[in-house]
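[1] give the three-dimensional model of this entry:
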Amino acid sequence: MVFKKTVLVFSTLMAFLAAGFSQEVKWLQSEKLIQIADAYGIDSALSITPTHVWLLDSSVAVNLAKRCTNIPHSDLQHEFFLNVGVEKHADFLSPGALRFAKFWTRNYARISDQYFRVFIFQKDKSTIPALDSCLSVWRTISDSLKSSIPQGALASIRRFFNGDSREQKRYWDCQANRFGLAYTMDVMGLGEKYQKEMDAIKPTLEPYLLQKQPGEWFRKKSDENFVPFYDTIQLRGKYASINEIKLDFEIALATRLNRKGPPFFTDLLVTNGKLGIYMSEYTNQSCLRGQTWLIELLEGNKIRIRRIEA
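    Modelled structure (predicted):
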């Protein structure tokens, strides 16, 4: 019964997709993602939304992010909200990130580094009192956890055979949260106090974090996702938008995208005027499959392709 319902929802979603390129490449105008969210819910829309949709259509990306209200229980919403939060400015992003940072604090859980990236990117100083309050909570938790960590020779022997204790792992999570909050406050220009706290916390961080500089730790994901690879293709016709292009006519582009693949693998191109994001699930060394690409129409008769996700 659940399987039939899933197939029905997927089939209905696919009705939004136009077979503009071929039976194997479906395209979808970016604003249709909002209609899908309205009709089937935000998770349904995000399941087919490119990770980098903010490159394509800022208003759609921000609109979808605003609907992400169930972040603790939806990995799709969690990832999308945070990705938009470090790329686009909007007045709800910092308060939203703060609300969920407080949620992780109440549940004594590790706060994703991406939340700190959101605060740093948005630079919303109205969140400072609440961030400082979270930091104070984690200071108290830190003091409590530190005294509960097993010490001495016997503890070292147990650690050698059984790995780090539960208390040690919780303490490391706590210290990472403290460091992230202190670093955020320091970047916001709040002075020497937080720099000193960072210096005090750093020796107590989990060993793998000690190998990174703070700026490297809190770098945006997108800073690492772009691959310096371009491919420009001359088109036979001239077009005002990507939606007008027909792969059956534009053989060079069709060959580059290599539509021919195994059945049940549907490629998706989400478009907005002269920009598109092309996604495919199937991997083949001779084509674009299995990767995500930014496609741009230049001068009406050229296509530039840039890989944005390896």
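
[2] now residue 117: which helix or strand?
    Here residue 117, judged by DSSP states H and E, is contained in helix 113-122.

[3] what's the first helix or strand after that helix?
    helix 128-146.

[4] residues of that next one that come out buried?
    131, 134-135, 137-139, 141-142, 145 (16 or more other C-beta atoms under 10 Å). C-betas here are computed from N, CA, C, even on glycine.

[5] closest one of these to residue 74?
    residue 134 (22.4 Å; C-beta to C-beta).

[6] the residue nearest to that closest one when sequence neighbours are not counted: how many residues sit nearby?
    Once flanking residues are discounted, residue 134 sits nearest to residue 105: 5.0 Å by C-beta to C-beta, 6 or more residues apart in numbering. Neighbourhood size, residue 105 [other C-beta atoms under 10 Å]: 18.

[7] pLDDT averaged over stretch 127-146 - what is it?
    Stretch 127-146 carries an average pLDDT of 90.

[8] scratch that, stretch 105-123 is what I was asking about
    Computed over stretch 105-123, the mean pLDDT rounds to 88.

[9] do stretch 177-195 as well
    Computed over stretch 177-195, the mean pLDDT rounds to 88.

[10] would you map the strands across the chain?
    25-29, 230-234, 267-272, 275-279, 292-298, 302-309 (DSSP state E).

[11] what's the angle between the longest one and strand 292-298?
    The one in question is strand 302-309. Interaxial angle of strand 302-309 relative to strand 292-298 (axes from the mean of the first three to the mean of the last three C-alpha atoms, to 10 degrees): 160 degrees.

[12] same thing with the third one?
    Interaxial angle of strand 267-272 relative to strand 292-298 (the same axes, to 10 degrees): 50 degrees.

[13] so which elements touch strand 267-272?
    Contacts defined by 3 or more C-beta pairs under 8 Å, 6 or more residues apart in numbering; DSSP states H and E place strand 267-272 against strand 25-29, helix 53-56, strand 275-279.

[14] buried deepest among these, which one?
    strand 275-279 (a mean of 23; mean count of other C-beta atoms under 10 Å).

[15] need the contact list for the residue nearest to residue 134.
    Contact analysis of residue 105 by C-beta atoms under 8 Å, 6 or more residues apart in numbering lists 111, 134, 137-138, 177.

[16] for those residues, which one is nearest residue 295?
    Scanning the contacts of residue 105 for proximity to residue 295, where the rule is C-beta to C-beta, the winner is residue 111, at 35.9 Å.

[17] wait, that closest one sits on residue 104?
    Yes. The criterion here is C-beta atoms under 8 Å, and residue 111 meets it with residue 104 at 4.7 Å.

[18] tilt between the biggest helix by length in the chain and helix 128-146?
    The longest helix of the chain (DSSP state H) is helix 166-187. Here helix 166-187 runs at an angle of 150 degrees relative to helix 128-146 (the same axes, to 10 degrees).

[19] and helix 166-187, which residues are buried?
    Buried, per 16+ other C-beta under 10 Å, within helix 166-187: 168, 170-187.

[20] touching it from outside, list them.
    104-105, 108-111, 113, 115-116, 119-120, 128, 131-132, 134-135, 138-139, 141-142, 145-146, 148-150, 159, 194-195, 197-198, 201-202, 204-206, 209, 214, 217-218.

[21] and which of the contacts of residue 105 is nearest to residue 99?
    Of all those, residue 99 sits closest to residue 134, with 11.3 Å by C-beta to C-beta.

[22] below-threshold pLDDT in the protein: ranges please.
    Along the chain, segments meeting pLDDT under 70 span 1-25, 148, 150-165, 210-229, 257-266, 280-291, 309-310.
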